[in-house]
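Trainee: Got a sequence here, can you model it:
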Amino acid sequence: MGGALALAGFLGACTTQPTAPGAADLPPPAPREFRAAWVSTVANIDWPSKPGLPSGQQQAEAIAILERAVSLKLNAIVLQVRPAADAIYPSPIEPWTEYLTGAQGKPPMPMYDPLAFWIKEAHARGLELHAWFNPYRARHDNARSPSAPNHITNTIPSAVKRYGKFMWMDPGEEAASKQTMDVILDVVRRYDIDGVHIDDYFYPYPIAAPEVAGNAQALDGNGKPAAKELDFPDGPAWERYLAGGGKLDRPSWRRDNVNRLIEAMYKGIHKEKSWVRFGISPFGMGRPDRRPPGISGFSQYDKLYADAELWLEKGWLDYFVPQLYWPIAQTAQSYPVLLDYWISQNPQGRHMWPGLFTSRIGAAPPTLNYEPKEIVDQIALTRQRPLATGHVHFSMVALTQNRKGISDQLRATTYQGDALVPATPWLPSPGPGTPQVSAVRGKNGVALKLKAGKATMLYAIWARHGGEWRFSVAPAARVDWTVPDDAKLGAADLVVVSAVDRLGKEGARVQAWRKPS
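Mentor: Numbers count the residues shown, from 1 in each chain. Model prediction:
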């Protein structure tokens with residue numbers, strides 16, 4: 001009873017309804033930047049640290065990752081939920097992944113839903129959670145347990161092909177593409193995710209063909225023996241295509257198989273939930289016939305059959321994360337040159353958020369090693385380009401371990417304040433409502449009571465201290481929020497609050513507090 005009376009007194013004493021600030025009191029635009037990190041479950045790269053951990057320890061490790069993300073002022077996590085036609089959540093279609101428990105098909109003990117846990121805990125901290133799916137890999141070469149009875153290698157073996165040490169869902173087989181679509185849409189329907197994310201694995205990266213005695217070896221353009229690649233064994237699907245009157249050549253047919261899945265994903269996801277964004281993180285170099293002068297190297301267009309330029313041209317994605325995993329000074333794969341290339345290939349104006357190879361910090365051998373300055377400088381170069389509005393770190397483990405002090409440096413020099421994720425205006429949403437805000441001057445700051453409006457995901461909060469504005473972001477789940485006094489500039493004389501929806505769209509700003517004159 002005493003607590004209820006105290007709360008009523010708090011609300012009655014401190015607050016009138018917020019009013020729109022006058023023109024002289026308008027805060028600046030909210031800082032905007034997508035700041036994310038991939039969290040890999042395959043091979044236990046990031047989480048969990050090893051298979052077979054009790055559920056409580058898995059959860060504690062997840063919380064530690066999320067807390068590190070918050071401390072760095074990141075605003076999104078890209079969590080791998082389908083490493084190899086398996087799942088980190090209870091799926092009606094595919095088995096539990098062995099990277100959780102050590103045995104494919106075995107649930108965590110005690111039983112819980114890891115994806116639901118990650119989403120709940122991320123949102124409670126104001127972080128977006130994007131579900132990352134590998135679209136075609138059926139079995140990783142480091143798998144240690146047998147395939148579960150409900151794994152695709154057992155349920156639809158004709159849709160899977162062995163390629164080297166991997167098992168691969170054949171993009172030419174309709175059953176394989178259907179399973180990937182079914183899996184993704186099941187997650188979109190059942191979970192409160194913010195995005196669907198797929199990576200750079202389409203047709204598999206080529207591997208060397210075994211040498212056959214007596215066969216003459218072809219020569220490359222320099223007269224040296226050319227490396228022979230093992231062709232992907234999609235003969236049955238290719239023959240059916242030709243028998244049905246197909247006219248494309250085989251490379252174009254392979255690209256078309258991937259293109260049709262990408263288009264179906266984009267449309268299917270938004271049909272289920274218009275606010276769930278779809279992102280792709282392809283290999284960082286594009287078509288050889290379009291590359292800038294001086295750029296050379298692997299062609300995903302010819303080897304992975306990934307026509308990333310077409311996806312951008314058609315607008316079949318909401319954000320694009322080219323894996324720019326090379327240093328600024330590496331001329332043949334120059335980070336800024338490649339970034340500018342992808343920006344130039346983006347006529348629909350989709351979000352451009354390059355992937356950074358942060359885990360190269362401290363890598364062995366030394367020739368692969370990055371110093372932290374490389375990542376800091378890559379972010380700075382990205383920020384110089386208005387059409388590139390964020391970045392994603394691969395992967396979270398480097399930030400969690402603070403390799404060579406990278407997290408300390410980012411915190412001190414690069415992520416000094418909160419930022420909202422850039423808005424996505426091409427997707428429909430009603431926009432957030434107007435928050436109800438109450439405020440009172442406390443001992444060490446201005447204490448806010450917050451009540452979310454309709455469709456609110458976050459609060460954007462500005463505080464003016466001695467003529468300087470400070471910006472912060474609070475999750476919609478927060479009821480209480482304190483705007484602390486500034487160590488140098490003292491107490492805030494004005495606090496303004498707005499609501500932000502699932503697509504980053506900001507609502508009306510309201511004046512929550514003004515220092516009495």
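
Trainee: Quick one: the strands in the stretch 51-200 of the chain, in order.
Mentor: If you assign secondary structure with DSSP state E, counting those that start in this stretch, the strands in the stretch 51-200 of the chain sit at 76-82, 128-133, 137-139, 160-163, 166-169, 195-198.

Trainee: can you put those strands in a markdown table and add mean pLDDT and distance to Phe394?
Mentor: C-beta coordinates here come from the backbone N, C-alpha and C atoms, glycine included. Formatted as a markdown table, the entries for the strands of the stretch 51-200 of the chain read as follows, by pLDDT from 0 to 100; distance: least, Cβ to Cβ, whole Å:
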| stretch | mean pLDDT | distance to Phe394 |
| --- | --- | --- |
| strand 76-82 | 98 | 9 |
| strand 128-133 | 98 | 11 |
| strand 137-139 | 94 | 17 |
| strand 160-163 | 96 | 24 |
| strand 166-169 | 95 | 20 |
| strand 195-198 | 98 | 12 |
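
Trainee: between the ones you listed, which gets nearest to Met457?
Mentor: Ranking the strands of the stretch 51-200 of the chain by proximity to Met457 (Cβ to Cβ) places strand 128-133 first, at 8.5 Å.

Trainee: Not counting that closest one itself, show me its contacts.
Mentor: In this structure, residues lying in contact with strand 128-133 by Cβ atoms under 8 Å, 6 or more residues apart in numbering are 36, 38, 75-82, 115, 118-119, 122-123, 180, 183-184, 187, 191, 193-199, 277, 279, 421.

Trainee: which of the residues in that strand are buried?
Mentor: Within strand 128-133, the residues that qualify as buried are Glu128, Leu129, His130, Ala131, Trp132, Phe133, counting by 16 or more other Cβ atoms under 10 Å.

Trainee: again with stretch 285-303
Mentor: Neighbour-count burial for stretch 285-303 flags Met285, Gly286, Arg287, Arg291, Ile295, Ser299, Gln300, Tyr301, Lys303 (criterion: 16+ other Cβ under 10 Å).

Trainee: just stretch 240-255 next, same as before
Mentor: For stretch 240-255, burial by neighbour count (16+ other Cβ under 10 Å) applies to Tyr241, Arg250, Trp253, Arg254, Arg255.

Trainee: where's the third one, which helix or strand?
Mentor: Per DSSP states H and E, Trp253 falls inside helix 250-272.

Trainee: Output that helix as PDB, nothing but the C-alphas.
Mentor: Output of helix 250-272 as PDB, limited to C-alpha atoms (Å, rounded to 0.1, in the frame of the first residue of the first chain):
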ATOM      1  CA  ARG A 250      24.400 -24.600 -66.800                       C
ATOM      2  CA  PRO A 251      26.000 -21.600 -64.900                       C
ATOM      3  CA  SER A 252      23.000 -19.400 -65.700                       C
ATOM      4  CA  TRP A 253      20.700 -22.200 -64.600                       C
ATOM      5  CA  ARG A 254      22.500 -22.500 -61.300                       C
ATOM      6  CA  ARG A 255      22.300 -18.700 -60.700                       C
ATOM      7  CA  ASP A 256      18.600 -18.800 -61.600                       C
ATOM      8  CA  ASN A 257      18.100 -21.500 -58.900                       C
ATOM      9  CA  VAL A 258      19.600 -19.200 -56.300                       C
ATOM     10  CA  ASN A 259      17.800 -16.100 -57.600                       C
ATOM     11  CA  ARG A 260      14.400 -17.700 -57.400                       C
ATOM     12  CA  LEU A 261      15.000 -18.700 -53.800                       C
ATOM     13  CA  ILE A 262      16.200 -15.200 -52.900                       C
ATOM     14  CA  GLU A 263      13.100 -13.600 -54.500                       C
ATOM     15  CA  ALA A 264      10.800 -16.100 -52.800                       C
ATOM     16  CA  MET A 265      12.400 -15.400 -49.400                       C
ATOM     17  CA  TYR A 266      12.000 -11.600 -49.700                       C
ATOM     18  CA  LYS A 267       8.400 -11.800 -50.700                       C
ATOM     19  CA  GLY A 268       7.500 -14.700 -48.300                       C
ATOM     20  CA  ILE A 269       9.000 -13.100 -45.200                       C
ATOM     21  CA  HIS A 270       7.200  -9.800 -45.800                       C
ATOM     22  CA  LYS A 271       4.000 -11.500 -46.500                       C
ATOM     23  CA  GLU A 272       4.200 -13.000 -43.100                       C
END
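
Trainee: Remind me what it packs against, helices and strands.
Mentor: Counting contacts by 3 or more Cβ pairs under 8 Å, 6 or more residues apart in numbering; DSSP states H and E, helix 250-272 is packed against helix 174-190, strand 195-198, helix 235-243, strand 277-280, helix 308-314.

Trainee: follow-up on the earlier one: and the strands of the stretch 51-200 of the chain: which comes nearest Pro386?
Mentor: strand 76-82 (20.2 Å).

Trainee: can you give me how far that closest one is from the chain middle?
Mentor: The chain centroid and the centroid of strand 76-82 are separated by 6 Å under Cα atoms, centre = their mean, to the nearest Å.

Trainee: Could you identify the most distant pair in the buried residues of stretch 285-303?
Mentor: The most widely separated members of the buried residues of stretch 285-303, counting by Cβ to Cβ, are Ile295 and Lys303 (15.9 Å).

Trainee: and Arg478, how many neighbours does it have?
Mentor: By other Cβ atoms under 10 Å, the residues close to Arg478 number 15.

Trainee: picking that back up, ok, which of the strands of the stretch 51-200 of the chain comes nearest Asn402?
Mentor: When the strands of the stretch 51-200 of the chain are compared for distance to Asn402 using Cβ to Cβ, the nearest one is strand 76-82, at 17.5 Å.

Trainee: and that closest one, which strands flank it?
Mentor: Using DSSP bridges, the strands paired with strand 76-82 are strand 34-39 (parallel), strand 128-133 (parallel).

Trainee: wait, which of these is closest to Ala332?
Mentor: Each of those has some distance to Ala332 by Cβ to Cβ; the shortest is strand 34-39, at 25.0 Å.

Trainee: is the residue nearest the centre of the chain in a bridge, and if so with what?
Mentor: For the chain, the residue lying nearest the average C-alpha position, counting by Cα atoms, centre = their mean, turns out to be Val78 (3.5 Å). Beta-bridge partners of Val78, counted by DSSP bridges, are Trp38, His130.

Trainee: correct me, but it touches Val196?
Mentor: No. Counting by Cβ atoms under 8 Å, Val196 is not a contact partner of Val78; they are 10.2 Å apart.

Trainee: hang on, the earlier thing: determine which of the strands paired with strand 76-82 approaches Leu356 most closely.
Mentor: Go through those one by one with Cβ to Cβ and the one that ends up closest to Leu356 is strand 34-39, at 9.4 Å.
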